[in-house]
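Chemist: sequence-free structure coming up:
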């Protein structure tokens with residue numbers, strides 16, 4: 001008979017209790033230690049199924065007679081506590097008949113539920129066993145049934161299967177020892193091995209609501225009192241690099257686990273939980289990178305690991321209870337229980353220098369997918385088609401040509417270099433809606449916007465003609481892209497522009513295979529007027545830095561781009577009509593909040609993409625770490641059309657999720673949807689409703705209030721002074737997270 005290799009999740013609490021006992025400052029002599037142990041019912045049922053239910057379709061073939069009309073099958077085992085007893089229930093089908101001419105003659109059939117009351121105990125070999133006390137039969141409505149023929153057959157064939165079942169704890173203990181050896185000093189492992197050898201049951205097994213609970217006892221050998229270590233100093237550059245590398249490894253580990261789980265389970269709700277977990281984990285990683293640990297205080301890596309692991313295991317166990325994990329249930333639950341070991345050991349003995357290592361995560365990942373040949377911790381910023389498909393993200397529209405295509409050289413020394421850190425911070429400066437062809441007139445610094453019922457005044461498709469008037473500030477330097485994926489422009493490829501007026505790149509009405517090559521997801525982009533308009537506006541805005549000469553035309557062109565991108569996303573997602581205006585205003589106010597409507601800035605005389613200190617990129621400030629794998633980083637950096645499309649996709653996804661949380665009939669539904677969607681855009685799904693939480697942090701409240709002021713201004717049709725906004729980007733009460741250290745990223 002096969003023995004289960006599944007590790008009980010509660011076994012891993014042994015690591016916590018044992019290691020804490022081994023390192024108590026007052027434990028100079030050997031002592032006896034008691035260890036509470038919990039084995040959840042989901043894991044127990046999967047182990048029982050693995051041993052007994054090995055027939056066709058995952059059923060237990062308990063008995064077969066002399067012909068096809070005689071059988072006893074069982075399926076769907078489950079454990080539960082009932083009135084202090086452990087009940088093993090299973091669905092069953094019984095047939096007693098004779099076969100004649102290929103048919104069953106006068107068969108006795110029964111379908112219902114077998115419930116056995118059992119007494120669990122732990123043997124001397126650390127194996128959990130069950131003694132059957134009583135057997136009861138129920139029909140499908142769970143009404144007690146008296147079966148005159150067949151009860152003895154059921155009892156005689158099912159009870160031995162239960163009492164033969166053995167849940168061996170020795171293999172988990174060996175796995176525990178291996179994991180602890182990877183995470184602790186060798187002298188601690190020696191003491192752990194000695195202590196584990198003395199382990200014995202101390203009390204009976206007690207059925208609880210969620211699993212079996214028992215107590216083990218072991219002898220802890222003499223432990224020297226450790227010396228107290230000095231407070232940690234600020235992290236050195238090498239330690240900072242190691243800190244970042246560890247966060248990258250954790251992110252790769254979470255992505256690997258999510259892809260394995262999401263690929264095995266197609267349930268939309270399950271995948272939505274995984275998506276929220278991934279984003280929330282990444283937002284926390286970016287926040288940790290903004291303020292790595294220095295001296296005192298909890299280790300942010302450990303806090304993130306423990307919290308997100310707890311959330312992941314809850315998602316997996318809930319799916320197992322709903323029987324959604326299919327044939328991979330055993331692998332996934334083994335992964336959960338082994339992970340419990342790792343995190344319990346890490347929590348129990350930080351003074352031993354234990355930490356979750358790369359080797360630990362890699363070993364844990366391979367327990368989830370033993371046949372996976374590649375490195376489960378591989379980290380890359382490349383777009384990941386598997387991740388995109390798993391969560392339904394189609395690549396945004398790309399401007400024709402490569403993202404690093406050289407731009408015409410421009411010249412000027414009049415405009416000061418812009419910084420690439422921070423976010424718009426001061427109270428917004430408004431102007432009245434500006435007629436076409438006129439520059440916006442900024443209101444004074446004390447001006448405020450009063451929301452009205454007026455519709456916003458975006459520049460529509462017809463406004464693209466104004467893009468010809470964009471006037472970038474010239475410079476003698478070649479534009480050099482910044483960032484890891486950027487490629488400097490060779491001097492020989494750029495020519496000086498004799499005029500200060502930039503002319504939009506012409507896009508022919510028939511682009512044929514050339515356009516299809518660069519936009520493969522469009523059947524024929526040249527036949528879609530909306531796409532052509534987007535490309536025209538995007539071409540006119542390519543590497544354009546807003547300044548005092550082009551601010552009016554630039555503002556109208558950006559409005560046009562945001563409107564067109566929004567229209568395309570609404571069409572692609574078939575957004576309900578009552579939410580469309582809110583979504584358009586949300587798109588414009590978010591871009592205002594995040595970047596002051598800018599994709600490009602000038603740094604030391606060179607044009608580069610706008611990037612915050614926490615690596616939020618471009619017009620929509622899409623964070624490269626949070627959205628790693630979902631989008632092309634070079635495109636986010638250098639393609640304003642792609643960046644706007646990515647931001648529109650993210651807002652649409654978050655807004656669609658949020659509309660399920662807010663009632664469209666409520667008077668405050670617009671505020672609820674808009675404010676919660678932006679909070680999630682800024683802080684992750686866990687931040688959806690932070691703006692009306694009484695305990696919201698001051699900095700986050702400033703961000704949410706700043707956004708809401710802008711949203712109402714756009715709703716009322718107000719424009720704003722981009723140059724004033726840009727000058728304030730990174731100072732005071734921020735619009736985004738990047739003007740201060742340790743802010744929550746978006």
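Modeler: The structure has been received and is ready for your questions. Remember, it's a predicted structure, so these values are computed and weren't measured experimentally.

Chemist: state the mean pLDDT of stretch 591-603.
Modeler: Per-residue pLDDT over stretch 591-603 has a mean of 94.

Chemist: over to stretch 403-411?
Modeler: 54.

Chemist: could you do stretch 50-64 as well?
Modeler: If you average the pLDDT over stretch 50-64, you get 89.

Chemist: quick check: buried residues in it?
Modeler: Judged by neighbour count using 16 or more other C-beta atoms under 10 Å, the buried positions of stretch 50-64 are 50, 51, 52, 53, 59, 60, 62, 63. Glycine gets a C-beta too; all of them are placed from N, C-alpha and C.

Chemist: now the second one: which helix or strand?
Modeler: What that stands for is residue 51. Secondary-structure assignment from DSSP states H and E places residue 51 in helix 41-52.

Chemist: other SSEs contacting that helix?
Modeler: strand 71-82, strand 211-220, helix 300-321, helix 329-348 (3 or more C-beta pairs under 8 Å, 6 or more residues apart in numbering; DSSP states H and E).

Chemist: can you rerun that using 6 Å?
Modeler: Judged by 3 or more C-beta pairs under 6 Å, 6 or more residues apart in numbering; DSSP states H and E, the packing partners of helix 41-52 are strand 71-82, helix 300-321, helix 329-348.

Chemist: in TSV: those, plus mean pLDDT and mean neighbour count.
Modeler: Rendered in TSV, the data for the helices and strands packed on helix 41-52 read as follows (pLDDT from 0 to 100; neighbours: other C-beta atoms under 10 Å):
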stretch	mean pLDDT	mean neighbour count
strand 71-82	92	18
helix 300-321	86	18
helix 329-348	73	24
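
Chemist: TSV for the ones you listed, including distance to residue 374?
Modeler: Shown next, in TSV, are the helices and strands packed on helix 41-52 (distance: least, C-beta to C-beta, whole Å):
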stretch	distance to residue 374
strand 71-82	35
helix 300-321	21
helix 329-348	17
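
Chemist: for residue 689, find the nearest of the ones you listed.
Modeler: Ranking the helices and strands packed on helix 41-52 by their distance to residue 689 (criterion: C-beta to C-beta) puts helix 300-321 first, at 17.9 Å.

Chemist: what comes into contact with the closest one?
Modeler: Helix 300-321 is touched from outside by 42, 246, 270, 273, 277, 281, 284, 288, 293, 325, 329, 332, 336, 339, 343, 356, with contacts defined as C-beta atoms under 6 Å, 6 or more residues apart in numbering.

Chemist: out of the residues you listed, what pair is the most spread apart?
Modeler: Comparing all pairs in those by C-beta to C-beta, the longest separation belongs to 293 and 329, at 37.6 Å.

Chemist: circling back: could you give the angle of the helix holding residue 51 to helix 300-321?
Modeler: Put simply, helix 41-52 runs at 60 degrees to helix 300-321, going by axes from the mean of the first three to the mean of the last three C-alpha atoms, to 10 degrees.

Chemist: do a quick rundown of the helices in the stretch 501-650 of the chain.
Modeler: 512-518, 529-540, 551-573, 577-595, 633-638, 640-659 (DSSP state H, counting those that start in this stretch).

Chemist: so for the fifth one, what gets flagged as buried?
Modeler: Pointing back at helix 633-638 there. 633, 634, 635, 636, 637, 638.

Chemist: just send these back as TSV, with distance to residue 714 and pLDDT too.
Modeler: Below are the buried residues of helix 633-638 laid out as TSV (distance: C-beta to C-beta, whole Å; pLDDT from 0 to 100):
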residue	distance to residue 714	pLDDT
633	29	95
634	30	95
635	26	96
636	24	96
637	26	95
638	27	95
